[in-house]
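I would like the atomic coordinates for the input below:
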Amino acid sequence: MSTTNSPARQAIMPCGACGKLNRINMDRVDVAAHCGTCKATLAIDAPIVLTDANFDTVVGKSTVPVMVDFYADWCGPCKMMAPVFADFARRQKGRVLVAKVNTDENPGVSMRFGIRSIPTLTVMAGGKEVARQVGAVPMAALENMVAGVRIS
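Residues are numbered from 1 along each chain as shown. Reported below is the predicted structural model:
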């Protein structure tokens, strides 16, 4: 919980309905969040979609770790990883912002991070990559990747 001496843990997330970016207080995830533009409910407990256009804003302005799954729709291991990643998002609600990037649709950010194999999972903190795992992994590996990651 946030105290008067520590700033709120915040994340920026795109609305799944209209795409507009919204600031979310991660200390208040039990309160339903709604898009400031279209009023749609924001799904904090599911992976959000990042694009070349919004990646730097979402990752750079988050004061909580961001786990990113670089994937493609045609990739078999990516399809196997999808339900595990969705469950991870539910378990980490309020602690980690969980996101995914379709490498076919977003070649810019994928190339910038040197994504050569998919799925590739990264943990971002303070806008910088702090951990990477290539290939489909179990839940425990995802949890280990974010354990102890703090935004400085």
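
end to end, how far does stretch 109-127 reach?
13 Å (CA to CA, to the nearest Å).

okay, buried residues for that stretch please.
Buried residues in stretch 109-127, defined by neighbour count with 16 or more other CB atoms under 10 Å: Val109, Ser110, Phe113, Ile115, Ile118, Pro119, Thr120, Leu121, Thr122, Val123, Met124, Ala125. In this view, the C-beta of every residue, glycine as well, is placed from N, C-alpha and C.

separation between Val123 and Gly148?
11 Å (CB to CB, to the nearest Å).

correction: Leu97
17 Å.

likewise for Asn25?
Applying CB to CB to Asn25 and Gly148 gives a distance of 23 Å.

just to revisit the earlier point, relative to Ile12, which of the buried residues of stretch 109-127 is nearest.
Among the buried residues of stretch 109-127, Met124 lies closest to Ile12 (CB to CB), at 12.4 Å.

the protein: helices as residue ranges?
55-61, 76-91, 107-112, 139-146 (DSSP state H).

CSV for these, including distance to Ala32?
As requested, the helices of the chain are exported to CSV (distance: least, CB to CB, whole Å):
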stretch, distance to Ala32
helix 55-61, 20
helix 76-91, 15
helix 107-112, 30
helix 139-146, 24
